[in-house]
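Visitor: the following block contains a protein sequence and its predicted model.
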Amino acid sequence: MHRIAWLFVLALVVGLVPAMADEYYLWTFNSTDIVATGCLDISGTTAVAGCGQVSVNGGSPVAVVLATDGGTDPTGVTSLSGQFQYNDVVTPLGASLIPPYPTNVGILFQTPGNTGPSGEELNIWYQNGTCNVSNCPPTSVSGTDVPGYFGAAELNGNYTTNDWGELGTFTLTEVAACPEPGAVLLLIAMLSGVGGVLRKRLA
């Protein structure tokens, strides 16, 4: 009888594992010229779905979705524009939320339904090394360490930011589920407001 009960419990737990596997995170990236927000569905250490909005150089927000084919190739794949490489690996519990460059190399968001070089692309990655004159982002100094999160954007095959990216701030906030795309910004704003209240109370 006890054996049957344990087998039942084991079967129940195994049956729940797939449903418990995915975790959901609101994400933000902000730099000098990029303001972007959205939500990610992460299974293990691979982002399997996501959406968001990107504003570059003060322009109107553009809807984007996660380019999900990167997770099928650990060496990374090239974006449709040919400008970026990515592999959809995200490590919310790691020392960095995205494995450091060049492994290999970050996550990519693009215009929904993109099949070619047209539309918006946003690449976000973590860099923890030195740059030289040819690849220094504008916010770093040649020959120095540049640890941090970087973002670069392009539109219709042309860079709209420095091609080696801009140093910015990348955050992940775990949530129960990804809201509808239109509600993502509202939820992020609400969480930011709560964070501000808590910081004031702790001050």
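Guide: That came in fine, so what should we check first?

Visitor: tell me which stretches of the protein form strands.
Guide: Ranges of strands within the chain are 22-30, 34-43, 46-56, 62-66, 77-78, 85-86, 107-110, 120-127, 148-155, 158-159, 166-175, based on DSSP state E.

Visitor: out of those, which gets the lowest mean score?
Guide: Among these, strand 158-159 has the lowest mean pLDDT, at a mean of 86.

Visitor: what lies in contact with that strand?
Guide: The contact list for strand 158-159 (C-beta atoms under 8 Å, 6 or more residues apart in numbering) reads 83, 152-153. In short, each C-beta sits where N, CA and C put it, glycine included.

Visitor: circling back: pick the most buried one from the strands of the chain.
Guide: Stretch with highest mean neighbour count among the strands of the chain: strand 107-110 (a mean of 28; mean count of other C-beta atoms under 10 Å).

Visitor: partner strands of that strand, with direction?
Guide: strand 62-66 (antiparallel), strand 120-127 (antiparallel) (DSSP bridges).

Visitor: re earlier: reformat the contacts of strand 158-159 as JSON lines; add distance to Asp22.
Guide: Listed next are these as JSON lines, based on distance: C-beta to C-beta, whole Å:
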{"residue": "Gln83", "distance to Asp22": "29"}
{"residue": "Ala152", "distance to Asp22": "28"}
{"residue": "Ala153", "distance to Asp22": "27"}
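
Visitor: and Tyr101, which of the strands of the chain is closest to it?
Guide: Ranking those by their distance to Tyr101 (criterion: C-beta to C-beta) puts strand 120-127 first, at 4.5 Å.

Visitor: sorry, back to before: how about the strands paired with strand 107-110 in CSV, adding distance to Gly106?
Guide: Output for the strands paired with strand 107-110, formatted as CSV (distance: least, C-beta to C-beta, whole Å):
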stretch, distance to Gly106
strand 62-66, 12
strand 120-127, 3
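
Visitor: please identify which of those is closest to Thr32.
Guide: strand 120-127 (14.3 Å).

Visitor: mind listing residues that contact that closest one?
Guide: Counting by C-beta under 8 Å, 6+ apart, 29, 34, 36, 54, 56, 62, 64, 67, 79-81, 83-84, 86, 96-101, 105-111, 114, 146-155, 165, 170 sit against strand 120-127.

Visitor: ok, now stretch 96-107?
Guide: For stretch 96-107, using C-beta under 8 Å, 6+ apart, the contacting residues are 40, 47, 50, 66, 70, 74-76, 84-91, 123-129, 149, 170-172.
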